[in-house]
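**Q** this is the structure alone, sequence omitted:
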């Protein structure tokens, strides 16, 4: 035998390892010993290499590099922390700054809508009557070229003064003089012609321009958005080494040459876009008329500004077509690159339409203007820009409900958004058609545009209110309200705070019933103050519910005193529901609900069931609606206490194949749109959310986890997920997430027919 063969394992542990390996592989003893020796030799070589590498790393140059990298990482982390704190503080006053700007002057000097899309999808003609926000008046003037009658409203009277100025210029002046003012930005010509122009304005508009035209240097750079454009394109862009952009536009470069220039400076554009997304946009947004709510819709996209730059420079032709940016970059329009109404071939048609009074300006809100309509169905089309990005679900639902009766039967309306999907539930139920994903719009500022045809919508928006619409039981004086809150938050603290648990299991399914058994019915009504203050998600639920055209059955689980019904008028309830089941395990609450329903005259369509859907007995199951017969099941602050799995199973049994399941409750966390962009912000949010969830658990309320809901309701479409902060009983300093989570149940085959993909686990915002 050779020396290697005779060399055996050097320790008892190696003997055991080699023996096990030999038995497992069937190798001979000699072969196994050779393999062990080779492995031992390789390990020694590896250790030598590692020692050499460690020695190299310990050299002064390498250590200095590591120290420098650590310092840079630390500085970057501190910079991000500083920006996060600054943005948080600025966010507290951002919308107040925007409100202040609206009161002092106009925001938009150019209407920031690509009207070509509006003209196409709204099918405007001589018979059309259109309602739009006025903004800077360019969209209105362009729509007049189709022969339409246009009604433009705006709550900022200064925007209307700008519209009147443009209208007066077109009415009173010839093309060359009008273009000198609106195109070439000759303010000397404006001041010269102003005595003539003021004859075509209202006294308020004439007085406004009398005060301001003397110091006006350019309409293109007027208003806060014009000021921002001048700062960006005439100061920041050249300072960042992108002065070639204006040079190429002025030289009239061909698109191919322009594209090559863009790709040559791609690295610099990425750096500037990164800074803009994290610093410039959040702080300069109010100047462009962008509120915090609208910015939040795009927070899940990490590189909004870079995407905008790519669309602008590589998908649109700034030099020959995109007048939105051509005017801002150059400081004026050319006769080839300008809005359509400023082109010579269209100027006379626009003038004629204005002389025929086909344009109407209104100072006020959309709701106010609609309330003045003498007859319903008076508008054939509406283009509402991105105004709904500013609003929450309740506000959007209120405007939709007001719009609906004033649209003709085949009327159309269009809206744009900074969001990738319709961000409100009431917009999703319209089944609107996406007409642009942002790639066609020359403003490059929107990520979606949707068009809805009234006659094709499967659901009807209905007005709801936070006040009591048909029951007076809950009304009380301010003194009695304060007394009720005192009892809810402070009465019996020693019983509920000290042991940190609810002592009455039969009523621990809902936090508000802590007070039901502590306060007499004379002093406290669980259906009024507390319902709306603590359980404020109910209002969002009412604004988000899909109301079908045909009557259906509604099962409201955890309905308590029937407050959910009171968000709708009795006529709306009768129009959309053939039967309503109020399900609750608290008999005291059901008694209150029965009295209110009888007072409202709805006893013939409302039934009351004292059932815990989390543990239904066979006898109780017979009282529930038949399987596959219910169009809507809602869990009203009950799923967090009665058990998620069993209750959802019962709900899905009752639901029709295309029924809707809605949950309003305390949630563990916000949606993806509510997540902070910064690491430090996310850490703080997670800690705060954990504290809220822990406190809710002390009163036997287990906040809902949307991931669990996804698993228990795997087949769905038309997802809606809304989160709002709200109070919690006994700890007013905590504001947990209240969520409204709605799904349209459907089979896998029907989902495939509708073009939906069933994800295993995803955020509902993008479903």
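**A** Thanks, I have it. Given the structure is predicted, the values throughout are model-derived calculations rather than measurements. Numbers count the residues shown, from 1 in each chain.
**Q** what about the longest strand along the chain, distance to the chain center?
**A** Looking only at the chain and at elements set by DSSP state E, the strand with the highest residue count is strand 655-667. Its chain's C-alpha centre and that of strand 655-667 lie 20 Å apart, by CA atoms, centre = their mean, to the nearest Å.
**Q** so how far is the helix or strand that it is followed by from its chain's centroid?
**A** Next along the chain after strand 655-667, taking DSSP states H and E as the criterion, comes helix 679-698. Going by CA atoms, centre = their mean, the spacing between the C-alpha centre of helix 679-698 and its chain's C-alpha centre is 22 Å.
**Q** between helix 679-698 and strand 655-667, how big is the angle?
**A** The directions of helix 679-698 and strand 655-667 differ by 100 degrees, with axes from the mean of the first three to the mean of the last three CA atoms, to 10 degrees as the criterion.
**Q** so where's the stretch 401-550 of the chain shaky on pLDDT?
**A** Within the stretch 401-550 of the chain, the ranges that satisfy pLDDT under 70 run 465-533.
**Q** and the strands in it, which stretches?
**A** Using DSSP state E, counting those that start in this stretch, the strands of the stretch 401-550 of the chain run over 407-417, 433-436, 448-453.
**Q** got these as TSV, with distance to residue 166 and mean neighbour count columns?
**A** For every residue, glycine as well, the C-beta is placed using N, CA and C. Conversion of these to TSV gives the following (distance: least, CB to CB, whole Å; neighbours: other CB atoms under 10 Å):
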stretch	distance to residue 166	mean neighbour count
strand 407-417	22	21
strand 433-436	26	16
strand 448-453	25	21
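**Q** for these, give me a markdown table that also has distance to residue 314.
**A** Supplementary listing: the strands of the stretch 401-550 of the chain in a markdown table, determined by distance: least, CB to CB, whole Å:
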| stretch | distance to residue 314 |
| --- | --- |
| strand 407-417 | 21 |
| strand 433-436 | 17 |
| strand 448-453 | 20 |
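**Q** out of those, which is closest to residue 62?
**A** strand 448-453 (50.8 Å; CB to CB).
**Q** run me through the strand neighbours of the closest one, direction for each.
**A** In its sheet, strand 448-453 lies beside strand 407-417 (antiparallel), strand 433-436 (antiparallel), with partners assigned from DSSP bridges.
**Q** figure out which of those strands is closest to residue 387.
**A** Distance to residue 387, taken as CB to CB, is lowest for strand 407-417 among the strands paired with strand 448-453, at 7.6 Å.
**Q** how distant is that closest one from the center of its chain?
**A** On the basis of CA atoms, centre = their mean, the separation between the geometric centre of strand 407-417 and that of its chain is 20 Å.
**Q** can you tell me what sits against that strand?
**A** By CB atoms under 8 Å, 6 or more residues apart in numbering, the surrounding residues in contact with strand 407-417 are 113, 117-118, 121-123, 297, 377-389, 403, 423, 427, 435, 441, 446-455.
**Q** try it again with 7 Å
**A** With contact meaning CB atoms under 7 Å, 6 or more residues apart in numbering, strand 407-417 is reached by 118, 121-122, 297, 377, 379-386, 388-389, 403, 423, 446-455.
**Q** what's near enough to touch residue 220?
**A** Neighbouring residues of residue 220 by CB under 7 Å, 6+ apart: 109, 185, 226, 327-328, 331-332.
**Q** which SS state does it fall under?
**A** Classification of residue 220 into helix, strand or coil gives coil, according to DSSP: H, G, I helix; E, B strand; the rest coil.
**Q** cool, residue 738 as well?
**A** For residue 738, the assignment made with three-state DSSP gives strand.
**Q** residue contacts, it?
**A** When the contact criterion is CB under 7 Å, 6+ apart, the partners of residue 738 are 536-537, 666, 724, 726.
**Q** hang on, the earlier thing: same question for the longest strand of the chain, mean pLDDT?
**A** Regarding strand 655-667, the rounded mean pLDDT is 89.
**Q** mind starting the numbering at 27 from now?
**A** Shifting the count to begin at 27 puts that one at strand 681-693.
**Q** buried stuff in it?
**A** Of the residues in strand 681-693, those buried by neighbour count under the rule 16 or more other CB atoms under 10 Å are 681, 684-693.
**Q** repeat for stretch 581-598
**A** Applying a neighbour-count criterion of 16+ other CB under 10 Å, the buried positions in stretch 581-598 are 581-596, 598.
**Q** still on that earlier bit, got JSON lines for the contacts of residue 764, with distance to residue 422 too?
**A** Conversion of the contacts of residue 764 to JSON lines gives the following (distance: CB to CB, whole Å):
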{"residue": "562", "distance to residue 422": "17"}
{"residue": "563", "distance to residue 422": "16"}
{"residue": "692", "distance to residue 422": "24"}
{"residue": "750", "distance to residue 422": "14"}
{"residue": "752", "distance to residue 422": "19"}
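**Q** which one of those sits closest to residue 332?
**A** Distance to residue 332 across those (CB to CB) is lowest for residue 750, with 30.9 Å.
**Q** pretty sure the closest one sits against residue 567.
**A** No - using CB atoms under 7 Å as the test, residue 750 is too far from residue 567 to be in contact (10.8 Å).
**Q** the more surrounded of the two?
**A** residue 567 (29 against 18; other CB atoms under 10 Å).
**Q** picking that back up, format the strands paired with strand 474-479 as TSV; extra columns: distance to residue 188.
**A** Putting the strands paired with strand 474-479 into TSV (distance: least, CB to CB, whole Å) gives the following:
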stretch	distance to residue 188
strand 433-443	21
strand 459-462	26
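**Q** and of these, who's closest to residue 490?
**A** Nearest to residue 490 among the strands paired with strand 474-479 is strand 433-443; the distance by CB to CB comes to 19.4 Å.
**Q** and the buried residues of strand 681-693, which two are furthest apart?
**A** 684 and 692 (28.4 Å).
**Q** need phi/psi at the nearest residue in space to residue 669 that is not next to it in sequence.
**A** In space, and not counting its chain neighbours, residue 669 is closest to residue 640: 3.6 Å by CB to CB, 6 or more residues apart in numbering. Backbone geometry at residue 640, expressed as degrees, to the nearest 10, gives phi -80, psi -20.
**Q** do residue 160 as well
**A** The phi/psi pair for residue 160 (degrees, to the nearest 10) is phi -70, psi -50.
**Q** pLDDT score assigned to it?
**A** Predicted confidence (pLDDT) for residue 160: 95.
**Q** same thing with residue 62?
**A** At residue 62, the pLDDT recorded in the model is 45.
**Q** figure out which of the strands paired with strand 474-479 is closest to residue 170.
**A** Judged by CB to CB, the one of the strands paired with strand 474-479 that comes nearest to residue 170 is strand 433-443, at 17.3 Å.
**Q** surely residue 132 is in contact with residue 189?
**A** No - using CB under 7 Å as the test, residue 132 is too far from residue 189 to be in contact (9.4 Å).
**Q** of all the buried residues of strand 681-693, which comes closest to residue 268?
**A** Comparing the buried residues of strand 681-693 against residue 268 with CB to CB places residue 693 closest, at 44.4 Å.
**Q** what's the burial count for residue 481?
**A** When neighbours are counted by other CB under 10 Å, residue 481 registers 11.
**Q** do residue 241 as well
**A** Summarising burial for residue 241: neighbours were counted as other CB under 10 Å, giving 7.
**Q** same for the longest strand of the chain, what does it pack against?
**A** Strand 681-693 sits against helix 563-570, strand 656-662, helix 665-668, strand 763-771, with contacts defined as 3 or more CB pairs under 7 Å, 6 or more residues apart in numbering; DSSP states H and E.
**Q** take those and lay them out in JSON lines including distance to residue 305.
**A** Formatted as JSON lines, the helices and strands packed on strand 681-693 follow (distance: least, CB to CB, whole Å):
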{"stretch": "helix 563-570", "distance to residue 305": "33"}
{"stretch": "strand 656-662", "distance to residue 305": "43"}
{"stretch": "helix 665-668", "distance to residue 305": "40"}
{"stretch": "strand 763-771", "distance to residue 305": "29"}
